[in-house]
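[1] no FASTA, just this:
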């Protein structure tokens, strides 16, 4: 082998080694990104979401407390002359409306809030990963603006409390109207089985989601573009220095754009359907062994079970089968994988 050939072979060997090193580096970056993505999902499931759901549970229990209605009905049952027939019917009607409102609002809120929080942590996680990569000298991965400081991170994540602190005030009466619209045709003596209950629940959700502007429900989840004073109030750090509004606003704009997308609307719709399926499974389980499972029971007997479903939905979010069901929907998994990668969902 002459000298020229040896040089050429050595050069080919060097090129191959460089390619192998680049391939190993790419594989390492992919593994790091995957590990970071999985860690972000765990943070959402074990930290951010449990805090928000506990707060949500407290607010719904407080704002939709049914004890004053049940106590008056029990009092009238024990002392027949204390309530007129009209008063009893009025109490039952209110109990019916509020019980369904409590169940449906719990389902809607836990579904949409869990998706919203996952949007938040994936957007923030992607930004933080890019910032870290830049800090390690890998800014060629993606050109970004300023780094996100800790105050902006906390302020951004604190928006997950907007639904509890502000949104519920408007959400409850709006949803109550939808419940009243559907249940006005349902009498307490009407027989309900899980098929009728599924149809009723689905109809309530559809009426609520279709009333108003196409994305009216977004106003219950996060402040509008002109409500920065609310976001300042939601910040958990009283001693925070002046925030970097540009970066915070960028995060908020990205979040709003995702929530307004057709793809997000699709996974909200799919997740609510899965949530209704889960509710019906729980209702069937509660009726297991009784003769009324197939034939159904009068609505008056179903109302207390409906109210209990709201409590069931808001139990420990870490163990919640409803959140696990939503998380396991293939379309949801794909959506958040693409969101983290900052790729279009279609």
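    Good, I have the coordinates. Only a predicted model underlies this, so the values are computations on that prediction, with no experimental measurement involved. Residues are numbered from 1 along each chain as shown.

[2] touching, residue 168 and residue 220? I think so.
    Yes: with contacts counted by CB atoms under 8 Å, residue 168 reaches residue 220, the gap being 7.5 Å. Bear in mind the C-beta positions are built from the backbone N, C-alpha and C, glycine included.

[3] common neighbours of those two, please.
    By CB atoms under 8 Å, 6 or more residues apart in numbering, residue 168 and residue 220 have no common neighbours.

[4] who are the contact partners of residue 274?
    325, 326, 329.

[5] what comes up buried for the helix or strand harbouring the first one?
    Using DSSP states H and E, residue 325 sits in helix 321-327. Using 16 or more other CB atoms under 10 Å as the test for burial, helix 321-327 gives 322, 323, 325, 326, 327.

[6] residues in contact with residue 88?
    Contact analysis of residue 88 by CB under 8 Å, 6+ apart lists 73, 76.

[7] just the pLDDT at it, thanks.
    We note a pLDDT of 88 for residue 88 in this prediction.

[8] over to residue 282?
    Looking at residue 282, the pLDDT reads 88.

[9] following the helix or strand harbouring residue 108, which helix or strand comes up?
    Per DSSP H and E: residue 108 is located in helix 85-135. Sequence-wise, the next helix or strand downstream of helix 85-135 (DSSP H and E) is helix 150-157.

[10] in the chain, what helix or strand scores lowest on average pLDDT?
    Each helix and strand of the chain was given a mean pLDDT (mean pLDDT, DSSP states H and E); the minimum falls on helix 228-234 at a mean of 49.

[11] quick check: closest non-adjacent residue to residue 259.
    Leaving aside its sequence neighbours, residue 259 sits nearest to residue 218 (CB to CB, 6 or more residues apart in numbering; 5.6 Å).

[12] how about that neighbour, what does it touch?
    By CB under 8 Å, 6+ apart, the residues touching residue 218 are 256, 259, 260.

[13] show me where pLDDT drops low in the stretch 101-250 of the chain?
    Within the stretch 101-250 of the chain, the segments meeting pLDDT under 70 span 131-147, 225-245.

[14] mind redoing it with 50?
    For the stretch 101-250 of the chain, residues meeting the criterion pLDDT under 50 lie at 138-145, 228-231, 233, 235-244.

[15] would you mark the buried spots in stretch 212-220?
    For stretch 212-220, the neighbour count (16+ other CB under 10 Å) marks 217, 218, 219, 220 as buried.

[16] just stretch 149-160 next, same as before
    Using 16+ other CB under 10 Å as the test for burial, stretch 149-160 gives 151, 152, 153, 155, 156, 157, 158, 159, 160.

[17] ok, so of those residues, who is nearest residue 10?
    residue 153 (50.4 Å; CB to CB).

[18] and that closest one, how far is that from residue 125?
    10 Å (CB to CB, to the nearest Å).

[19] what of residue 53?
    Between residue 53 and residue 125 the computed distance is 20 Å (CB to CB).

[20] swap in residue 166?
    Applying CB to CB to residue 166 and residue 125 gives a distance of 25 Å.

[21] and for residue 181?
    Separation of residue 181 from residue 125 (CB to CB): 41 Å.

[22] quick one, which of those two is more surrounded?
    Between residue 181 and residue 125, counting by other CB atoms under 10 Å, residue 125 is the more crowded of the two (19 against 14).

[23] identify the residue spatially nearest to that one, adjacent ones excluded.
    Spatial nearest neighbour of residue 125, chain neighbours left out: residue 40 (3.8 Å); criterion: CB to CB, 6+ apart.

[24] which ones are touching the one you found?
    Shown in contact with residue 40 (CB under 8 Å, 6+ apart): 121, 122, 125, 340.

[25] please, which helix or strand holds it?
    Using DSSP H and E, residue 40 falls within helix 3-43.

[26] one step back: okay, buried residues for the helix or strand that comes right after the least confident helix or strand of the chain please.
    Past helix 228-234, further along toward the C-terminus, the next helix or strand under DSSP H and E is helix 245-260. Neighbour counts over helix 245-260 (16+ other CB under 10 Å) mark 247, 248, 250, 251, 252, 254, 255, 256, 258, 259 as buried.

[27] quick one on the thing from earlier: out of the contacts of residue 218, the closest to residue 91 would be?
    Nearest to residue 91 among the contacts of residue 218, with distances taken as CB to CB, is residue 259, at 39.0 Å.

[28] isn't that closest one up against residue 221?
    Yes: counting by CB under 8 Å, residue 221 is a contact partner of residue 259 at 7.1 Å.

[29] what residues are shared contacts of those two?
    Contact criterion CB under 8 Å, 6+ apart; residues shared by residue 259 and residue 221: residue 116.

[30] so how far is residue 38 from residue 127?
    Look at residue 127 and residue 38: by CB to CB, they are 17 Å apart.

[31] can you pick out the residue with more neighbours from these two?
    residue 127 (23 against 10).

[32] number of residues surrounding the nearest residue to the more buried one once chain neighbours are set aside?
    In space, residue 127 comes closest to residue 148 once its chain neighbours are excluded; the distance is 5.6 Å by CB to CB, 6+ apart. Neighbours of residue 148 under the rule other CB under 10 Å: 20.

[33] that's all I had, so thanks and see you.
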